[in-house]
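Asker: Provide a 3D model corresponding to the input given below.
(one chain, ligands or ions: 3)
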Amino acid sequence: MPQIHRLDSRSKDFAARLDALLAWEGVADAQVMHTVTEILARVRAEGDAAVIEYTGEFDHLDVTTMADLELPASRLAEALASLPVEQREALERAAERVRRYAERQKMAAWQYTEEDGTVLGQTVTPLDRVGLYVPGGKAAYPSSVIMNAVPAKVAGVPEVVMVVPTPHGMVNPLVLAAAAVAGVDRVFTIGGAQAVAALAYGTQSVPAVDKIVGPGNIYVAAAKRLVFGTVGIDMIAGPSEILVICDGQTDPEWIAMDLFSQAEHDEQAQAILLSPDATFLDAVADAMDHLLETMPRGDIIRASLAGRGALIQVADLHEAAQIANHIAPEHLELSVADPEALAAKIRHAGAMFLGRHTPEALGDYCAGPNHVLPTSRTARFSSPLGVYDFQKRSSVIFCSPEGAADLGRTAATLARGEGLEAHACSAEYRVKAR
Ligand SMILES: NC(=O)c1ccc[n+]([C@@H]2O[C@H](COP(=O)([O-])OP(=O)(O)OC[C@H]3O[C@@H](n4cnc5c(N)ncnc54)[C@H](O)[C@@H]3O)[C@@H](O)[C@H]2O)c1
Ligand SMILES: N[C@H](CO)Cc1c[nH]c[nH+]1
Ligand SMILES: [Zn+2]
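Answerer: Residues are numbered from 1 along each chain as shown. Ligands and ions are numbered 1, 2, ... in the order given. Take a look at the predicted model:
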């Protein structure tokens with residue numbers, strides 16, 4: 001039996017034990033904040049020189065000019081061309097499906113006319129320039145390049161600038177190939193807080209962007225928090241999470257592996273199964289045990305199951321839905337006979353995977369919806385990354401003379417209530433003009 005919490009929703013301490021599993025130690029400590037604050041200040045003041053120095057220190061790249069830290073577009077095309085056909089086709093198929101889904105998310109402009117002839121509406125425009133952070137090393141996911149860059153391009157963002165650290169000069173060809181497929185415009189081989197600062201403030205070589213998206217380690221997350229306001233950011237992503245609700249009729253090995261699929265991301269990942277069937281929970285535990293004997297990344301899976309994994313017996317599927325709404329998971333699998341009926345009870349989840357034949361892993365790569373999702377219970381108030389994150393709205397007011405005169409009286413009354421005489425007079429000029 002793997003070390004994994006066994007909980008029962010009827011036990012007295014259930015709520016407290018569940019909340020302990022949901023808690024996550026992800027906040028940057030004072031030392032990290034201090035380091036990052038200094039890096040941001042130096043890059044802001046010194047530009048390229050500071051970026052080059054930090055890249056030498058942290059990524060062991062010995063270069064003298066930023067030109068050595070930008071990859072030409074030909075490098076991306078070469079990386080794509082040199083992939084095995086199967087990899088290349090998989091990347092292209094994934095990007096195509098993500099693009100098709102994203103097309104449907106585009107926000108459109110609208111307007112309507114009030115009775116007095118005043119036209120009211122909203123325009124929609126893409127951001128001018130977006131920065132995409134791609135983590136270095138083993139955590140660099142080509143699929144995340146697609147998930148971040150494709151919706152930006154569908155939104156109509158003219159320039160997507162990617163940054164990716166290449167410690168000791170090690171470039172991940174799959175990441176470059178994904179950037180080519182997704183339409184990334186420029187790539188700098190820089191990382192950490194210095195890359196976030198370069199994107200936020202701009203340097204002599206790196207253009208300042210309007211929004212920074214993409215995950216990274218604690219230094220990247222702290223830098224994103226600190227530059228928010230100067231630029232937009234997507235979210236501060238926590239460790240991956242999966243919650244499975246199963247009626248006990250799915251193959252226990254399928255469910256065990258679905259839980260592993262997120263547990264293998266890192267030791268802090270969260271993997272929870274809810275079922276009314278105690279015998280089934282035992283069978284999943286046995287399947288985990290047996291599968292773990294040969295699983296690569298078994299150490300990471302074991303650590304995350306022992307820390308934030310749980311098999312929970314619930315009274316029935318209705319109670320499972322209530323618990324799911326409390327957890328507000330990043331990913332929710334409904335492995336039950338009538339998944340649509342159960343989905344109707346779910347109010348908080350980043351993405352839902354319906355039925356026994358929809359493993360979460362398909363959503364991570366190629367189903368179509370975005371895999372950048374709210375974590376750490378933030379699905380209570382936020383949504384998957386999408387085209388709308390790369391678009392913004394402006395409201396439009398076009399008053400007719402009649403409309404201006406009529407609204408002017410109301411505005412002036414409200415303005416005087418706030419003690420703002422210039423507002424009142426400005427509004428009344430149009431009243432008097434009639
Ligand atoms: N949530 C997701 O979807 C998701 C996906 C992929 C990766 N990740 C996360 O991304 C992270 C990747 O981490 P990584 O470290 O491999 O790559 P990274 O690119 O996030 O960080 C590397 C950079 O960190 C900086 N750094 C390292 N040590 C430092 C120090 N002592 N002081 C200042 N800066 C320092 C360096 O500048 C280096 O370039 C992991 O935490 C992983 O969990 C999350
Ligand atoms: N499950 C991750 C987000 O939580 C995304 C990912 C990338 N590659 C595999 N999975
Ligand atoms: Zn995943």
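Asker: okay, now the nearest residue to residue 347 once chain neighbours are set aside: neighbour count?
Answerer: Among residues not flanking residue 347 along the chain, residue 325 sits closest, at 5.2 Å (C-beta to C-beta, 6 or more residues apart in numbering). All C-beta spots, glycine's among them, are computed from the backbone N, C-alpha and C. Neighbour count of residue 325, defined by other C-beta atoms under 10 Å: 17.
Asker: Could you do the one 10 residues further on as well?
Answerer: Using other C-beta under 10 Å, residue 335 has 26 other residues around it.
Asker: pLDDT value on it, please?
Answerer: Listed pLDDT for residue 335 reads 98.
Asker: what about residue 310, which helix or strand?
Answerer: Counting by DSSP states H and E, the element that carries residue 310 is strand 309-313.
Asker: just checking, residue 143 touches residue 362?
Answerer: No. With contacts counted by C-beta atoms under 8 Å, residue 143 stays clear of residue 362, the gap being 11.4 Å.
Asker: Please report the distance of residue 226 from residue 202.
Answerer: Distance of residue 226 to residue 202, given as C-beta to C-beta, to the nearest Å: 16 Å.
Asker: likewise residue 410?
Answerer: 44 Å.
Asker: of the two, who's got more company?
Answerer: More neighbours surround residue 202 than the other of residue 410 and residue 202, with 16 against 10 (other C-beta under 10 Å).
Asker: what sits against that one?
Answerer: 47, 208 (C-beta atoms under 8 Å, 6 or more residues apart in numbering).
Asker: what's next to the strand holding residue 310, contact-wise?
Answerer: Contacts for strand 309-313 (C-beta under 8 Å, 6+ apart): 2, 4-9, 18, 21, 259, 263, 270-278, 281, 284-285, 323.
Asker: helix or strand right after it?
Answerer: Taking DSSP H and E, what comes next after strand 309-313 is helix 317-327.
Asker: What helices and strands are in contact with that following helix?
Answerer: Where contact means 3 or more C-beta pairs under 8 Å, 6 or more residues apart in numbering; DSSP states H and E, helix 317-327 is packed against helix 14-22, strand 241-246, strand 270-275, helix 339-343.
Asker: Within range of ligand 2, give me the residues from the stretch 251-400 of the chain.
Answerer: When proximity is defined as C-beta under 6 Å from any ligand atom, the stretch 251-400 of the chain approaches ligand 2 at 330, 364, 371.
Asker: what's the closest of these to ligand 1?
Answerer: residue 371 (7.4 Å; C-beta to the nearest ligand atom).
Asker: ok, so what distance separates residue 276 from ligand 1?
Answerer: As judged by C-beta to the nearest ligand atom, to the nearest Å, residue 276 and ligand 1 stand 31 Å apart.
Asker: swap in residue 96?
Answerer: 22 Å.
Asker: Surely that residue forms part of a strand?
Answerer: No. Per DSSP: H, G, I helix; E, B strand; the rest coil, residue 96 lies outside any strand segment and is helix.
Asker: burial measure for it, as a count.
Answerer: Quick note: residue 96 (other C-beta under 10 Å) scores 15 neighbours.
Asker: okay, which residue is most central for this structure?
Answerer: With distances taken as C-alpha atoms, centre = their mean, residue 372 lies nearest the centre of the chain, 3.3 Å away.
Asker: Name the nearest residue to it, sequence neighbours excluded.
Answerer: Of all residues not flanking residue 372 in the chain, residue 385 sits nearest, at 3.7 Å (C-beta to C-beta, 6+ apart).
Asker: ok, now which ones touch that neighbour?
Answerer: Residue 385 sits next to 147-148, 151, 213, 234-235, 370, 372-373 when contact means C-beta under 8 Å, 6+ apart.
Asker: How about residue 343?
Answerer: Neighbour list for residue 343: 334, 352, 354 [criterion: C-beta under 8 Å, 6+ apart].
Asker: What's the separation between it and residue 422?
Answerer: Using C-beta to C-beta, residue 343 is found at 53 Å from residue 422.
Asker: Also residue 320?
Answerer: 59 Å.
Asker: Mind checking which of the two has more residues around it?
Answerer: The residue with more neighbours, out of residue 320 and residue 422 and counting by other C-beta under 10 Å, is residue 320; that gives 27 against 8.
Asker: hmm, back to that, so how far is residue 98 from the residue nearest to residue 372?
Answerer: 11 Å.
Asker: Need the overlap of contacts for those two.
Answerer: Shared contacts of residue 385 and residue 98, counting by C-beta under 8 Å, 6+ apart, come down to 147, 151, 370.
Asker: give me the element the first one is part of.
Answerer: For residue 147, the enclosing helix or strand under DSSP H and E is helix 142-155.
Asker: quick one: that helix near ligand 2?
Answerer: Yes. Helix 142-155 is in contact with ligand 2 by C-beta under 6 Å from any ligand atom, via 143-144.
Asker: Which other helices and strands does that helix contact?
Answerer: Contacts defined by 3+ C-beta pairs under 8 Å, 6+ apart place helix 142-155 against helix 85-103, strand 129-133, strand 159-163, helix 173-182.
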